[in-house]
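**Student:** Next comes the sequence, and after it the predicted model I'd like to discuss.
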Amino acid sequence: MTPNFKMGDGERHQTIPAKGSVAGADGDTIAAIATAAGSGGIGIIRISGPKAGAIAQRLFRPGSARPKEKPPQSQPFKPYRLNYGHLVGPCSGQPLDEVLLAFMPGPRSYTREDIIEIQCHGGQIVLQKILDMVRTLGARLAEPGEFTRRAFLNGRIDLSQAEAVADLINARSEMALKLAARQLSGELGSRINGIVDAVTDMLAEIEADLEFGEQGSVGVSAAAIDDRALQERVIEPIQGLLRGYGFGRILRDGLKLAIVGRPNVGKSSLLNRIIDREKAIVTPFPGTTRDPVEASATIEGVGIRLIDTAGLRESQDPIERMGIEKTREALRSADLVLFVIEAQTTPGAEDQRILAEIKGREFLLVVNKCDLVTGAEMIRLPEAYRVNPAIFVSAKTGDGLDRLKKGIGALWGQGAREEMGETLVSDLRHKLALEGALFDARNAARGLKDNRAATDMVAMDLKHALVQLQGITGQAAGGDVLDAIFRKFCIGK
Ligand SMILES: Nc1nc2c(ncn2[C@@H]2O[C@H](COP(=O)(O)OP(=O)(O)OP(=O)(O)O)[C@@H](O)[C@H]2O)c(=O)[nH]1
Ligand SMILES: [Mg+2]
């Protein structure tokens, strides 16, 4: 609920609060229901800001007996302990709920401000009532992600860690969770800071060079920096981070897997079997599926987004043709393709066309309807189909499904596990910033190598790279970037 109170990354990477930001800078005390909507065993109200302790004191009566007759607590709460007692209406004195209350004084708190967390019974009416009283006493309703935004603005976590909080909450697979936890620990931030340090050092040297040399002189002095240092300390580390993006994105958002094949081979039946429910319509008539049908599953720890598609064939039916166009769209954006054929029919011209269409893509060949044939009757796969591992299944009986899942896992899960050793970039925002920084750093390197560019041009390129890199950790992120990031959070986080 409240992660470790580790301090930020040190003076050098101190966060500079973005201009125009609301949270943290306004001195407001904010409050929200921190638990999910709906009834639960317990619910939590969170309050952060200078008035948090005083507000809680007005509402809280310690101990168990007759809360109505007790005066408000005069002593401060025991910090970092659960204080047992009752909440009462501040004017009426009417008991409202039996609660546990935690007080975390700043700066050793999630936001680095004073925080109160009240654990009460988890009914929405109780929670709403307590929240209303807290607001009457001087707190305002928190905006989405405002607690985490304050943690960032107050320098406890960097922006990539704040984003990891949202990823952690939204993680839909074990791998996504691991990835978010690592980012939350500051792993990506420290890798970025290492590169930022290298660029800063080089800039300092160039600037010293500029000061003593002639303004706009051609060529940075050999003593300052050379393009090899830039290559090793900046360009290669950025390239390394960018290489991990493909895996990182899949682990975070899930692997997009398209099921394709000619009509009636059992694509929809296969989807239903994988997710274990009748989501897609199945009929004996070819051309049943028109709109793509999407479903989620977890296979070998990786989140998978499955897309069942309209069977691919030449068709005169305008509606079916629109469905087939959508199949092609799904194919284009898929990370992995399941190409389904039938066990009782030797692949024909239609299958051949599909095979040609997915050539060069990462795909698994799935031979379905194995229950219809004996071992001896099983089709012999033509040579062209033997380039890929074939998996024999029956969507009807469920036979071979474990093999199919292992096949998918082997193709992606194994690679992903190996890549997990590296720092993985999974967020498109980070990837774009890294690409921008790489572009600028390469320009600077080219300038240094040719010895042609004016010194101040090289410095300019490096400064641009620096801004891009610092945008990832939030040292140079504008208010609009922060708004866009924190808008995606839930209220209370
Ligand atoms: N015996 C047997 N029949 C199957 C199997 N899988 C699917 N079928 C049958 O094949 C027919 C077509 O199945 P669907 O799952 O609708 O096939 P599809 O590939 O989605 O077809 P379109 O949506 O038309 O492209 C249905 O009658 C299913 O019951 C299987 O493993 N064994
Ligand atoms: Mg179908």
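**Tutor:** Now that the structure is in, tell me what you want to look at. Ligands and ions are numbered 1, 2, ... in the order given.
**Student:** so what's the closest residue to Y80 other than its chain neighbours up against?
**Tutor:** Spatial nearest neighbour of Y80, chain neighbours left out: M104 (6.3 Å); criterion: CB to CB, 6 or more residues apart in numbering. Every residue, glycine included, has its C-beta placed from N, CA and C. Counting by CB atoms under 8 Å, 6 or more residues apart in numbering, M104 makes contact with 2, 79-80, 110, 114-117.
**Student:** Give the buried subset of these as a ChimeraX selection command.
**Tutor:** Filtering the contacts of M104 down to the buried ones (16 or more other CB atoms under 10 Å) takes a single ChimeraX command:
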select :110,114,115,116,117
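**Student:** Cross-check the contact I'm expecting between D317 and G287.
**Tutor:** Yes - between D317 and G287 there is a contact under CB atoms under 8 Å: 7.1 Å.
**Student:** Next up, phi/psi of K256, please.
**Tutor:** With angles defined as degrees, to the nearest 10, K256 sits at phi -90, psi 120.
**Student:** How many residues are close by it?
**Tutor:** Residues within reach of K256, counting by other CB atoms under 10 Å, total 18.
**Student:** begin at 329 from here
**Tutor:** Sounds good: first residue 329 from here, last item K584.
**Student:** Identify the bridge partners of it.
**Tutor:** R633 (DSSP bridges).
**Student:** pretty sure it is touching A662, no?
**Tutor:** Yes - counting by CB under 8 Å, K584 touches A662, with 5.0 Å between them.
**Student:** which residues are common contacts for those two?
**Tutor:** I635.
**Student:** what's the distance between the residue nearest to Y408 and ligand 1?
**Tutor:** Applying CB to the nearest ligand atom, to the nearest Å, the value for M432 to ligand 1 is 55 Å.
**Student:** the more surrounded of D645 and G615?
**Tutor:** Neighbour totals were compared for D645 and G615, and G615 leads with 17 against 11 (other CB under 10 Å).
**Student:** residues contacting the more buried one?
**Tutor:** With CB under 8 Å, 6+ apart, G615 has these contacts: 591-592, 638-639, 641, 643, 645, 648.
**Student:** can you list the weak-confidence ranges in the stretch 529-678 of the chain?
**Tutor:** Scanning the stretch 529-678 of the chain for pLDDT under 70 picks out the ranges 539-553.
**Student:** Name the residues of it found near ligand 2, please.
**Tutor:** Counting by CB under 5 Å from the ion, the stretch 529-678 of the chain comes close to ligand 2 at 595-596, 616-617.
**Student:** returning to what we had before: which of the contacts of G615 are the two that sit furthest away from each other?
**Tutor:** Spanning the widest gap among the contacts of G615 are N592 and D645, at 14.8 Å by CB to CB.
**Student:** all helices for the stretch 579-728 of the chain, in order.
**Tutor:** Remark: helices assigned in the stretch 579-728 of the chain by DSSP state H, counting those that start in this stretch are 595-603, 646-661, 677-686.
**Student:** what angle separates the shortest one from helix 646-661?
**Tutor:** Spelled out, it's helix 595-603. Angle, helix 595-603 to helix 646-661, by axes from the mean of the first three to the mean of the last three CA atoms, to 10 degrees: 50 degrees.
**Student:** domain assignment for this protein?
**Tutor:** The record's domain split for the chain, according to automatic domain parsing, is 339-485, 512-572+753-801, 581-747.
**Student:** The closest residue in space to V593 that isn't next to it in sequence and ligand 1: what is the separation?
**Tutor:** Distances taken as CB to CB, 6+ apart place V668 nearest to V593, at 4.7 Å, with adjacent residues excluded. Separation of V668 from ligand 1 (CB to the nearest ligand atom) stands at 7 Å.
**Student:** repeat for A608
**Tutor:** From A608 to ligand 1 the distance is 7 Å (CB to the nearest ligand atom).
**Student:** do the same with I632
**Tutor:** Applying CB to the nearest ligand atom to I632 and ligand 1 gives a distance of 18 Å.
**Student:** what's the neighbour count on that residue?
**Tutor:** 25.
**Student:** That one contacts E622, doesn't it?
**Tutor:** No - shown here, I632 and E622 do not form a contact pair, counting by CB under 8 Å, at 10.8 Å.
**Student:** What are the buried residues along stretch 423-435?
**Tutor:** Buried residues in stretch 423-435, defined by neighbour count with 16+ other CB under 10 Å: 424-425, 427, 429-434.
**Student:** Run through the bridge partners of E426.
**Tutor:** Going by DSSP bridges, E426 forms beta bridges with H414.
**Student:** Contact partners for it?
**Tutor:** Contact analysis of E426 by CB under 8 Å, 6+ apart lists 392, 413-414, 448-449.
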